[in-house]
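*Asks:* just coords:
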Ligand code: SF4
């Protein structure tokens, strides 16, 4: 896919944490039109559609989400995940600056297809990092998620950073 100079410059003004996602979205729209060159209008259209909610003052925030086990969610309201996030402890301890939780959802049941679908929605809200909840990864009351690796790989293939774990 070719990019005109104006389109390329406009893309460079998109906040870094969503630039990769913006490039993909723009190219997808241009392909849908049967064209092979991105023009400035294509970038501004996609910006309006997906990124308009991100004000300049918000662009430095880190946005995180947590995906957790559907089975475990029947007995766990997620208190420990939120406690860790709110206190920036355990797997949330390394964040610097302003951090916002923008999503907290279950995988939808084995093999975790909801995570595949929700990743796209979350990206529209500028998510940078998705944590796999500790309940997916630990052998305790419930077995470790047999699909965790696949879920992680899929999230990473969308350009998202994935952290394994939340509260322990
Ligand atoms: S895919 Fe993994 S996280 Fe989701 S319900 Fe099955 S075991 Fe739990």
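*Replies:* Thanks, I have it. No experiment lies behind these values; they were computed from the predicted model shown. Residues are numbered from 1 along each chain as shown.

*Asks:* just how off-centre is the helix or strand hosting residue 81 within its chain?
*Replies:* According to DSSP states H and E, residue 81 maps onto helix 79-87. Its chain's C-alpha centre and that of helix 79-87 lie 19 Å apart, by CA atoms, centre = their mean, to the nearest Å.

*Asks:* How about stretch 60-70?
*Replies:* Using CA atoms, centre = their mean, the offset of stretch 60-70 from its chain centre is 7 Å.

*Asks:* can you tell if it touches the ligand?
*Replies:* Yes - Stretch 60-70 lies within reach of the ligand by CB under 6 Å from any ligand atom, at 69, 70. Where you see a C-beta, it was placed from the backbone N, CA and C, and this is true even at glycine.

*Asks:* Three-state assignment for the most centrally placed residue in the chain, please.
*Replies:* Central residue check for the chain by CA atoms, centre = their mean: the C-alpha nearest the mean position is that of residue 127, 3.9 Å away. Using DSSP: H, G, I helix; E, B strand; the rest coil, the structure places residue 127 in coil.

*Asks:* hang on, the earlier thing: what residues sit buried inside the helix holding residue 81?
*Replies:* Along helix 79-87, these residues count as buried under the neighbour rule (16 or more other CB atoms under 10 Å): 80, 81, 84, 85.
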